[in-house]
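1. Give the three-dimensional model of this entry:
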Amino acid sequence: MANDKARVLNINVGILGHVDSGKTSLVAALSTHLSTAALDKHPQSKERGITLDLGFSSFIVPLPPHLSHLPYDALQFTLVDCPGHASLIRTIIGGIQIIDMMVLVVDVTKGLQAQTAECLVVGEVATPRMVVALNK
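-> Modelled structure (predicted):
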């Protein structure tokens with residue numbers, strides 16, 4: 001029996017930044033597959049207007065030519081949408097346990113804020129690979 005399944009390399013990407021920097025909006029714009037916990041589906045998240053739990057979603061892209069030597073057909077980026085509120089630092093730390101790289105989301109209208117710096121430090125402990133996304 002032939003295996004017709006695509007071989008997919010998964011990369012877990014932590015989405016971190018200050019509360020209300022646009023992390024979840026960025027995740028919503030990028031994602032094509034959503035878990036049951038994606039995009040603030042928790043009732044209290046909707047009520048309070050902030051991310052309270054880790055959210056998981058993903059998108060798949062073709063394998064870039066420079067990675068063609070690897071035994072994969074595609075790359076899947078699993079986005080781990082982390083809360084940005086200081087009181088939820090334990091949830092953030094839980095999320096960074098599984099990330100391969102991070103995106104630090106910065107609201108350019110407000111600049112670096114307290115939790116932006118906190119997420120930067122926490123993220124640097126988890127991974128040396130970081131992309132900074134300027135938002136809003």
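2. I'd like the next helix or strand past the helix or strand of the chain with the lowest mean pLDDT.
-> In the chain, no helix or strand scores lower on mean pLDDT, DSSP states H and E than helix 43-48, which sits at a mean of 64. As assigned by DSSP states H and E, the chain's next helix or strand after helix 43-48 is strand 55-62.
3. Can you check what angle separates the longest strand along the chain from strand 55-62?
-> Looking across the chain with DSSP state E, the single longest strand is strand 8-17. Put simply, strand 8-17 runs at 130 degrees to strand 55-62, going by axes from the mean of the first three to the mean of the last three C-alpha atoms, to 10 degrees.
4. Quick one: list the elements packing against whatever helix or strand comes next after strand 8-17.
-> Of the helices and strands lying after strand 8-17 in sequence (DSSP H and E), the nearest is helix 23-30. In this structure, helix 23-30 makes packing contacts with strand 8-17, strand 55-62, strand 74-81, strand 101-107, strand 130-135, judged by 3 or more C-beta pairs under 8 Å, 6 or more residues apart in numbering; DSSP states H and E. Glycine gets a C-beta too; all of them are placed from N, C-alpha and C.
5. Next, the angle from the helix of greatest length in the chain to strand 8-17.
-> Determined from DSSP state H, the single longest helix within the chain is helix 114-126. Between helix 114-126 and strand 8-17, the angle comes out at 150 degrees (the same axes, to 10 degrees).
6. Other residues contacting helix 114-126?
-> Contacts to helix 114-126, defined as C-beta atoms under 8 Å, 6 or more residues apart in numbering, come from residues 14, 16-19, 21, 82, 84-86, 89, 92-93, 96-97, 99, 102, 104, 106, 130.
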